[in-house]
Structure formats: structure tokens, C-alpha cells
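A.B. asks: Sequence and predicted structure are below.
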Amino acid sequence: MRKVYLFNGMSLDGFFEGPGHNLDWHQVDEEFNDFAIDQLHASDLIVFGRVTYSMMAEYWPTPQAIADDPAIAKLMNETPKMVFSRTLSLAGWQNTRLMCCEAAEELPRLKQLPGKDIAIFGSAELAEGLLATPGVIDELRILVMPVLLGSGTPLFKIMSDKIKLELAGVRQFGNGNVLLTYTIP
């Protein structure tokens, strides 16, 4: 069975973005790019909420993205994508399907189909809703970056129920980033 994983970055104090959707503190280098390429090769579907989809769709198809990160841009543009939204009327990024149904109902169905892993990139609001539904997300991959922002948007807002996690892996990057991988039993 396919696995659904959430991949997101956050500051040490728990924010996935700074004030005003600021992400200039994200640390991307060659080592991270190699990791990102491997992660994309192991996935055959990328899932987004509307906000993250819009940001990604504005960047990855551009000549700048293709020039700056050709391998990742190719994978991001060619890999099939789904955006779950009740407000978008069109999803124009290459290989994207707009989904108006409930992600918590659709993703378990997709997990039963043959294929590679299903990635949820960013999309903190979508992910938080999915975490509230047991059995949808199988794994959390959280890239903790060595910065304290002091304010911003928390990756995990106050949830009504506790979710127990099991540590499945730790990877330290040369730039100080640490990837924490947790499974949800």
C-alpha cells in the first residue's frame, strides 16, 4: 500500500513561515537539492492545499526556477499534482487536477491504488485537517531549520486531540538543518 507523507520545513520555534508569508530563512543548498530529488523520485503524486499550490504554481514553471533548479523544476512540473480547494475554479499548472471533494476521503482511496508514495508539500492547513482524521497521513517529515523567527504561522496550531508519533529517522544536513521523520502508529 502507498504511504501518504507530509513534508514541511519549520523554524526551531515552530513556524513554517514568517510574518507576511516570508520564507527567505529557508536554507536550500546542493545537499538539500539531492535529498529533494530523491524524495520526488519516490513519489508519484504531490498534494497541495490552495495557498501552497498557488505559491508553487507561480514559481516552478518559470524560466527562473528552471534555470536555478532544473532537476527539481522538471520533477515538480512533470509529477502529477492534486490541489484540494473549494475556492479555485481552475488549476492551470501542468499535470494538476483540481479536487473539490474532501481530501480526508480521497487520499485513503488513493493509498489503495498501485503506485509510489503520495507527498503533501507545505499545505499546513490541509495537513492539520488530515491529521485529525486517523489513517490518512502515515508519516511526517519535518525539516527543522536553525533559526528562531519569534513570530509567524505555526506549523501545528493547537489541536484538539493529541497525536502520538514514533521517531523513524533523523538526518542532519551540513547547513544545520535536521530532518525529523515520524510515523503515526
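C.D. replies: Great, that's in hand.

A.B. asks: The chain: helices as residue ranges?
C.D. replies: Remark: helices assigned in the chain by DSSP state H are 30-41, 50-59, 63-68, 70-78, 103-111, 124-131.

A.B. asks: how about a markdown table for those helices, with mean pLDDT, mean neighbour count and distance to residue 3 added?
C.D. replies: Glycine gets a C-beta too; all of them are placed from N, C-alpha and C. Written out in a markdown table, the entries for these read as follows (pLDDT from 0 to 100; neighbours: other Cβ atoms under 10 Å; distance: least, Cβ to Cβ, whole Å):
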| stretch | mean pLDDT | mean neighbour count | distance to residue 3 |
| --- | --- | --- | --- |
| helix 30-41 | 96 | 14 | 12 |
| helix 50-59 | 94 | 18 | 20 |
| helix 63-68 | 96 | 12 | 27 |
| helix 70-78 | 97 | 16 | 19 |
| helix 103-111 | 95 | 16 | 7 |
| helix 124-131 | 90 | 20 | 13 |
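
A.B. asks: Now do the residue nearest to residue 133 when sequence neighbours are not counted against residue 84, distance only.
C.D. replies: Excluding its sequence neighbours, the residue lying closest to residue 133 (Cβ to Cβ, 6 or more residues apart in numbering) is residue 104, at 4.2 Å. Noted for residue 104: a distance of 9 Å to residue 84, by Cβ to Cβ, to the nearest Å.
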